[in-house]
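Undergrad: 3D model of this:
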Amino acid sequence: MDKNSVLKNIPVDQIKPNPVNPRFVFRQEEMDSLLVSIKKNGIQVPISVYKDGNNYVLIDGERRWRTCLKLNFEEIPAIIQKKPTDLENLLMMFNIHALREQWDLFTIANKLTDIIKLLVDRNGYYPTESQINEETGLTRSTIRRCKVIIDLPDKYKGIVLEELKKPKAKQKLTEDFFIEMETSLKRVRNTIPELLLLNSIDKTRDTLIKKYQTGIIKNVLDFRKIAKLTTAPKKFDYPKSQAIKALTRIFSDNNEGIDDIFNSTVSNLYMDRKLLSNFTSVLSHIEALDDDEKDDEQIVAALKEIRRAIDNFLKG
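TA: Just a heads-up that it's a prediction; the model follows:
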């Protein structure tokens, strides 16, 4: 706690939500669980606020405050801090949640643009991922994932938000779904731009969403196979026209899933490459064996087994 901060009990009805709180969704099952805990044990962790006239504004602890309102508590323990600037206000909330529970990615992305703008105003230049990481406590991976959410059209941001209101077990069109889908479509757009020019990008998105909802696309990670299909002509002797044909089938309103089309087209090419990579790695390790390892009984037995398998393969 900052040396200028004060810990005291304050009236619950004198507290206001923070107008820049990134959090949109307070899932009912989580609120119910918190209510049971507070009803039984009270507030174990004080909320954080700053003074604003005759009232206090939340920095951290809105769920605890909402629960106290519902339980008709008169007071709540609070750490009272000095009033922050707009940038300090957001950064405090981000860093608090980076160290404790993590917000939904949509929540983070929603305010990350504001933080970047305020950092530009303060510093006079656009911050790097490393600088955003230092200021917010967000990992660089999270920052990149947030940027995918930020770039989503409003229609699809609305779908994500509605999905987040559901219990986690019932969420299907999750943030991860859209991140995987958008990442794959970006690879197509950058590598075979003419393909997505043939169809509206939103029409393609809607088709992929429908296929996922109906189980034709079974796993969000299947979208990574779209990227592999897209780059197959550059990595292998695979005709670009065939890649476009396969991708068009994926993007069409039919009963063909990503996995089925991938397996019937370029899957073997990638398996062969992986196999060759593994062979090269094993050979490199064998050549690097020192004298002690060459005398190790287990290593010698394994090498003999490999030799037998190779001999049988070459004879067959």
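
Undergrad: Please name the nearest non-neighbouring residue to D114.
TA: Leaving out its chain neighbours, the residue that sits closest to D114 by C-beta to C-beta, 6 or more residues apart in numbering is L90, at 6.3 Å. Where you see a C-beta, it was placed from the backbone N, CA and C, and this is true even at glycine.

Undergrad: That neighbour: helix or strand, and which one exactly?
TA: According to DSSP states H and E, L90 maps onto helix 86-99.

Undergrad: Give me the helices and strands touching that helix, please.
TA: The contact analysis (3 or more C-beta pairs under 8 Å, 6 or more residues apart in numbering; DSSP states H and E) places helix 86-99 against strand 55-60, helix 105-123, helix 129-136.

Undergrad: Could you identify which of the ones you listed is most buried?
TA: Highest mean neighbour count of these: strand 55-60, a mean of 20 (counted as mean count of other C-beta atoms under 10 Å).

Undergrad: angle of it against helix 86-99?
TA: Angle of strand 55-60 versus helix 86-99, following axes from the mean of the first three to the mean of the last three C-alpha atoms, to 10 degrees, is 40 degrees.

Undergrad: got a list of contacts for the helix or strand following strand 55-60?
TA: Later in the chain than strand 55-60, the nearest helix or strand by DSSP H and E is helix 62-70. Contact with helix 62-70 is made by 12-13, 15, 17-18, 21, 23, 26, 30-31, 34-35, 38, 43, 45, 47, 58, 76, as judged by C-beta atoms under 8 Å, 6 or more residues apart in numbering.

Undergrad: Narrow these to just the buried residues.
TA: 12, 15, 18, 21, 23, 34-35, 38, 43, 47, 58, 76 (16 or more other C-beta atoms under 10 Å).

Undergrad: Longest helix in this protein, please.
TA: Of all segments of type helix in the chain, defined using DSSP state H, the longest is helix 267-287.

Undergrad: Tell me the buried residues in that one?
TA: Buried residues in helix 267-287 (16+ other C-beta under 10 Å): Y270.

Undergrad: Spit out the contact partners of the residue nearest to D114.
TA: Counting by C-beta under 8 Å, 6+ apart, L90 has contacts 20, 22, 111, 114-115, 118.

Undergrad: which pair in the residues you listed spans the largest distance?
TA: P22 and L118 (13.3 Å; C-beta to C-beta).

Undergrad: burial of L91, as a residue count?
TA: 18 (other C-beta atoms under 10 Å).

Undergrad: hang on, isn't it packed against E134?
TA: No - using C-beta atoms under 8 Å, L91 makes no contact with E134, being 10.3 Å away.

Undergrad: domain parsing for this protein?
TA: By the assignment in automatic domain parsing, the chain contains the domains 1-83, 86-149, 172-265, 274-315.

Undergrad: of all those, which lies closest to K165?
TA: Nearest of the domains of the chain to K165, taken as C-beta to C-beta: domain 1-83 at 5.6 Å.

Undergrad: sorry, back to before: can you lay out the contacts of L90 as JSON lines showing pLDDT and distance to T265?
TA: Converted to JSON lines, the contacts of L90 look like this (pLDDT from 0 to 100; distance: C-beta to C-beta, whole Å):
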{"residue": "V20", "pLDDT": "72", "distance to T265": "49"}
{"residue": "P22", "pLDDT": "57", "distance to T265": "42"}
{"residue": "K111", "pLDDT": "82", "distance to T265": "42"}
{"residue": "D114", "pLDDT": "86", "distance to T265": "44"}
{"residue": "I115", "pLDDT": "88", "distance to T265": "43"}
{"residue": "L118", "pLDDT": "90", "distance to T265": "48"}
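
Undergrad: Now do the residue of the chain positioned farthest from its centre against A301, distance only.
TA: Relative to the centre of the chain, the most outlying C-alpha is that of K315, 49.4 Å out, by C-alpha atoms, centre = their mean. Using C-beta to C-beta, to the nearest Å, we find K315 at a distance of 21 Å from A301.

Undergrad: And W65, by the same measure?
TA: Applying C-beta to C-beta, the value for W65 to A301 is 66 Å.

Undergrad: What segments of the stretch 201-316 of the chain are helices?
TA: Assigned by DSSP state H, counting those that start in this stretch, the stretch 201-316 of the chain shows helices spanning 201-213, 223-235, 240-250, 258-263, 267-287, 291-294, 297-315.

Undergrad: so what does the fifth one touch, helix or strand wise?
TA: With contacts defined as 3+ C-beta pairs under 8 Å, 6+ apart, the secondary structure elements packing on helix 267-287 are helix 223-235.

Undergrad: do the third one as well
TA: The helices and strands touching helix 240-250, judged by 3+ C-beta pairs under 8 Å, 6+ apart, are helix 193-197, helix 223-235, helix 258-263.

Undergrad: I'd like to know which of those helices lies nearest to K51.
TA: That would be helix 223-235 among those, by C-beta to C-beta, at 48.6 Å.

Undergrad: And the average pLDDT for the closest one is what?
TA: Taken as a whole, helix 223-235 has a mean pLDDT of 94.

Undergrad: hang on, the earlier thing: next one: the longest helix of the chain to chain centre, how far?
TA: Relative to its chain's centre, helix 267-287 lies at 31 Å (C-alpha atoms, centre = their mean, to the nearest Å).
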